[in-house]
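# Sequence below, structure please.
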Amino acid sequence: MRRRSRLVGVLWRWHRRLGLLAAVFALVLASTGIVLNHSPELGLDRRFVDWPWLSRTYGDSSGEMPAVQLGARWLSRAANGRVYLDTLEVAPCNGRQVGAAQAGELLYVACAEELLVITADGQLLESLSAGSGLPMPLTGIGLIDGGVVLQADGTWWLADMDRMDFGGRAPGGAQISQLAAGRLPAAIRDGIPAPEQWLSWERLLLDVHSGRVFGHLGVLWMDVVGLLLATLALSGIAMWWLHRRRGSQRSP
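Numbers count the residues shown, from 1 in each chain. Okay, the predicted model is just below:
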């Protein structure tokens, strides 16, 4: 009986401490979830956030666009997250653009959380992310002997695009060819839609709800919060069950 009482006491203390920690995040999840549930009525997808500092938090800016020159063509990523080949819109790319490369007839655009494979005329062939085995977050892209290599966590990884294998380390001392970022020509820059209104309140609330507003670490933290809430639920059930058993044993 004493052992069970001590167990209930320990569970109660930890339940209370974890509950205080989780309360703030539970309120954030609940409030953003309720508002998002009424997003169509509130028109949140048509209302835009005009906070430049928040755009920079997303890795975007209304100023210069990150761009890489491949021969006579330019690859760039606008503040709305979409990649352009010159003025041709190709596809959205998740995370800031960290580089581009050309291997054979194919062009590769590396963003922090996604790798796009496109043709020379701007057709999207592949969109690869962590689910494809890609190392994350990407910080660079280059070529070794004509083959694509990707940089993540300070390490260069060989990209076998035929087998979709990204687990091989690049040989030490190998010469890696990288393209430097350049200044997008004004004629091309003017042909890309202005990015003033791209971050809607709906997207911002979705990213706060999921933790994506703080990047990859934010998503992991919200996973931890989910596990914390599950732990609170289980500890609450355990305390109720132990208390109920103790009460039934006291009854005549």
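# contacts for stretch 210-223?
F25, T57, Y58, A112, E113, M136, P137, L204, L206, D207 (Cβ atoms under 8 Å, 6 or more residues apart in numbering). In short, each C-beta sits where N, CA and C put it, glycine included.
# again, only this time at 6 Å
P137, D207 (Cβ atoms under 6 Å, 6 or more residues apart in numbering).
# how far away is the spatially closest residue to G81 that is not a sequence neighbour from A180?
Setting aside the residues directly before and after it, G81 is nearest to P92 in space (Cβ to Cβ, 6 or more residues apart in numbering), at 4.9 Å. According to Cβ to Cβ, to the nearest Å, P92 and A180 sit 24 Å apart.
# the more surrounded of those two?
Set P92 next to A180 and count neighbours by other Cβ atoms under 10 Å: P92 wins out with 16 against 7.
# quick one: pLDDT of that one?
pLDDT recorded at P92 is 91.
# And the one 3 residues further on, by the same measure?
Reading off the per-residue confidence, G95 sits at a pLDDT of 87.
# how many other residues sit next to G19?
Around G19 there are 15 residues (other Cβ under 10 Å).
# again with the one 4 residues further on
When neighbours are counted by other Cβ under 10 Å, A23 registers 11.
# Repeat that for L143.
18.
# secondary structure element for it?
Assessed by DSSP states H and E, L143 sits inside strand 138-144.
# Report the distance from that strand to the chain centre.
From the chain centre to the centre of strand 138-144 is a distance of 19 Å (Cα atoms, centre = their mean, to the nearest Å).
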